[in-house]
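**Q** Okay, structure incoming, though there's no sequence with it:
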Ligand SMILES: CC(C)(COP(=O)(O)OP(=O)(O)OC[C@H]1O[C@@H](n2cnc3c(N)ncnc32)[C@H](O)[C@@H]1OP(=O)(O)O)[C@@H](O)C(=O)NCCC(=O)NCCS
């Protein structure tokens, strides 16, 4: 794990070496040369850090709850990073690998009082080193306006827009549907095996229409979350959406979709959803890596931190 600190007396360095070190550090940090370099330590996020991680989530106004952090810690404990400064968790970043082909970066959060000190930048460098050391060929994420500059500086390029839509609480008729996993079909559409994530998500809400698609949902702090939803036709997606809305009549619902998927947009409008924010899906690929598409059958993503 990496730590950075202002050079102090007593390290046995000459004044010249200290100036050289400062020059290297400050020139990496571009235009903020006159600001002090803060002390920090990057380490693995631990289950005991849950409260701190949730504090960052709430400060950013995000929807994730404790079970979302616990899922990441369960699925990829080594990929969950905390940046500690002044004795507290000041920033976080998570990496979730889908085999060696794809990794998803999420939970890029810095506490408001620690922003603009290069903490997210340092965590991103750590997260990318983690993926490189494990030979991952494509890294993706969903970027907010606040994060996009950071990601571009780390070599990410825009892929497509992704939108969060919201529906207020309200009654909805729908069927009760069973669930049977079909990881093989999902693999074809998502582009790689995400059975471990789907298995973890199915503990909340899950329904399927054999041969036609499936949908899942989970709790959120601001709204119940609809997704992932993969369906081979708008008719199948409509049945799955009705199933989910009928189960959550007393909650607002979030649905993250690709605006280029016109069938998803039409469905969202038909059921009273409106767009509330736009993010940019971005990727960073090794030479020769294959592309992961966002096919029309993906009606809802699994989450900004999951893909
Ligand atoms: C996005 C976010 C994680 C950035 O965290 P951060 O720790 O402030 O990020 P950094 O300090 O590495 O970089 C932020 C800016 O500060 C600048 N900066 C970095 N170190 C600095 C320093 N010592 N002095 C002054 N500015 C500095 C960077 O150049 C960058 O500027 P720019 O984005 O205007 O180009 C944070 O704003 C946040 O938590 N936002 C809410 C959640 C969110 O949207 N997360 C992104 C999800 S995709």
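**A** Yep, it's here. Model, not experiment: these values are computed from the prediction.
**Q** Show me what from the protein comes close to the ligand.
**A** For the chain, the residues in contact with the ligand (Cβ under 6 Å from any ligand atom) are 29, 32, 35, 60, 91, 108-110, 115-121, 143-144, 146-147, 149-150. Where C-beta positions appear, they are placed from N, C-alpha and C, glycine not excepted.
**Q** try 5 Å
**A** 32, 35, 60, 108-110, 115-121, 143-144, 146-147, 149 (Cβ under 5 Å from any ligand atom).
**Q** Just the ones in strands from those residues, please.
**A** In strands, defined here by DSSP state E, the members of the residues of the chain next to the ligand are 108-110, 143.
**Q** Break down this protein into its strands, ranges please.
**A** Secondary structure of the chain (DSSP E): strands located at 3-4, 40-44, 80-85, 88-98, 102-110, 138-143, 157-167, 205-209, 213-218, 224-231, 253-257, 274-285, 298-300.
**Q** any low-confidence regions in this structure?
**A** For the chain, the stretches with pLDDT under 70 are 1-37.
**Q** same thing but at 90, please
**A** 1-38, 287-288, 290-295 (pLDDT under 90).
**Q** Show me the helices in it, by range?
**A** Per DSSP state H, the chain carries helices over the ranges 15-28, 50-59, 66-75, 119-133, 145-153, 183-190, 195-201, 234-247, 262-270.
**Q** Tell me how far the third one lies from the chain's centre.
**A** Same thing as helix 66-75. 12 Å (Cα atoms, centre = their mean, to the nearest Å).
**Q** Run through who's touching it.
**A** 45, 47, 50, 53-54, 57, 79-80, 94, 96, 106-107, 196-197, 200-201, 218-219, 303, 305 (Cβ atoms under 8 Å, 6 or more residues apart in numbering).
**Q** got the buried residues for it?
**A** Neighbour-count burial for helix 66-75 flags 68-69, 71-73, 75 (criterion: 16 or more other Cβ atoms under 10 Å).
**Q** can I get those residues in a markdown table with distance to residue 240?
**A** Formatted as a markdown table, the buried residues of helix 66-75 follow (distance: Cβ to Cβ, whole Å):
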| residue | distance to residue 240 |
| --- | --- |
| 68 | 21 |
| 69 | 27 |
| 71 | 21 |
| 72 | 25 |
| 73 | 29 |
| 75 | 24 |
